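Colleague: how would this look folded up:
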Amino acid sequence: MTTDALSHVHRLVPGTDPNRRPLLLLHGTGGDETDLLPLGRAVAPGAALLSPRGAVLEHGRPRFFRRLAEGIFDEADVRRRVHDLADFVLAARERYRLDAPLALGFSNGANIAAAVLHLRPEALAGAVLLRAMVPLTEPPVARLDGLPVLLLSGSADPIVPAENAARLSARLVGAGATLEHHVLPAGHGLTQADLDLTTAWLARH
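Modeller: Numbers count the residues shown, from 1 in each chain. Take a look at the predicted model:
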């Protein structure tokens, strides 16, 4: 079903496996609420899928927050959009009677998910961050208290420098997340290794 009755236009695919946590699917730049549905179905069969569309447009392409240039974010907008997204998740959980979801985000979607972990961690049960980078230069010190996070980076990623991914990893560990971080022989795009690692991780969470 597609609805814009909540704050974000979104798709909900009801779950068929009550043992699976819902997934919050967060697309990359230029995607929409349908973009990651095939990925969600592939890596977490039977899970409920909640997939919002980013509310910001960049040259007509949806994103979850504004950026000033490649890799340079409008951090005031990041903070605002984090709260908007977290509030959407809480409202959607109530409307659809969902458990706290695991975020599955790619690129811009992974960055907003990382920012939610820093600012509104109560909205998520954990996260899979595919090609994420540091979303805030000086985030508050979050208390993640063992929240499970999978971070998959590409060693040849032209958008996310290795140092940036390592800094995000260190911040998440410092905040108390139970982090699994893999640096894959890949660029910014996803590979079969990403799918395999994500599938196995989600099966354990």
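Colleague: flag the shaky bits of the protein, pLDDT-wise.
Modeller: 1-5 (pLDDT under 70).
Colleague: contacts for the top helix by length along the chain next, please.
Modeller: Counting residues, the longest helix found in the chain (DSSP state H) is helix 75-96. For helix 75-96, the surrounding residues in contact (Cβ atoms under 8 Å, 6 or more residues apart in numbering) are 6-8, 10, 12, 14, 24, 48, 50, 52, 55-56, 64-66, 98-101, 112, 115-116, 118-120, 122-124, 135-137. Using the backbone N, CA and C atoms, a C-beta is placed for each residue, glycine as well.
Colleague: only alpha carbons, please: show that helix as CSV.
Modeller: Coordinates of the C-alpha atoms in helix 75-96 are reproduced here as CSV (Å, rounded to 0.1, in the frame of the first residue of the first chain):
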residue,chain,number,x,y,z
GLU,A,75,23.9,19.9,9.3
ALA,A,76,21.0,22.1,10.5
ASP,A,77,18.8,20.4,8.0
VAL,A,78,20.2,17.0,8.9
ARG,A,79,19.1,17.5,12.5
ARG,A,80,15.7,18.7,11.5
ARG,A,81,15.1,15.8,9.1
VAL,A,82,16.3,13.3,11.7
HIS,A,83,13.5,14.4,14.1
ASP,A,84,11.0,14.4,11.3
LEU,A,85,12.0,10.9,10.3
ALA,A,86,12.1,9.6,13.8
ASP,A,87,8.6,11.0,14.5
PHE,A,88,7.3,9.4,11.3
VAL,A,89,8.7,6.0,12.4
LEU,A,90,7.0,6.3,15.8
ALA,A,91,3.7,7.4,14.2
ALA,A,92,3.9,4.6,11.6
ARG,A,93,4.6,2.0,14.4
GLU,A,94,1.5,3.1,16.2
ARG,A,95,-0.7,3.1,13.0
TYR,A,96,0.5,-0.2,11.7
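Colleague: one step back: just the contacts of helix 75-96: which are in helices?
Modeller: Going by DSSP H, the helices hold 112, 115-116, 118-119 from the contacts of helix 75-96.
Colleague: tabulate these (JSON lines), appending neighbour count and distance to Leu195.
Modeller: Shown next, in JSON lines, are these (neighbours: other Cβ atoms under 10 Å; distance: Cβ to Cβ, whole Å):
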{"residue": "Ile112", "neighbour count": "27", "distance to Leu195": "21"}
{"residue": "Ala115", "neighbour count": "26", "distance to Leu195": "24"}
{"residue": "Val116", "neighbour count": "27", "distance to Leu195": "23"}
{"residue": "His118", "neighbour count": "22", "distance to Leu195": "27"}
{"residue": "Leu119", "neighbour count": "19", "distance to Leu195": "29"}
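Colleague: can I get the residues you listed in CSV with distance to Gly187?
Modeller: Formatted as CSV, these follow (distance: Cβ to Cβ, whole Å):
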residue, distance to Gly187
Ile112, 21
Ala115, 23
Val116, 25
His118, 26
Leu119, 29
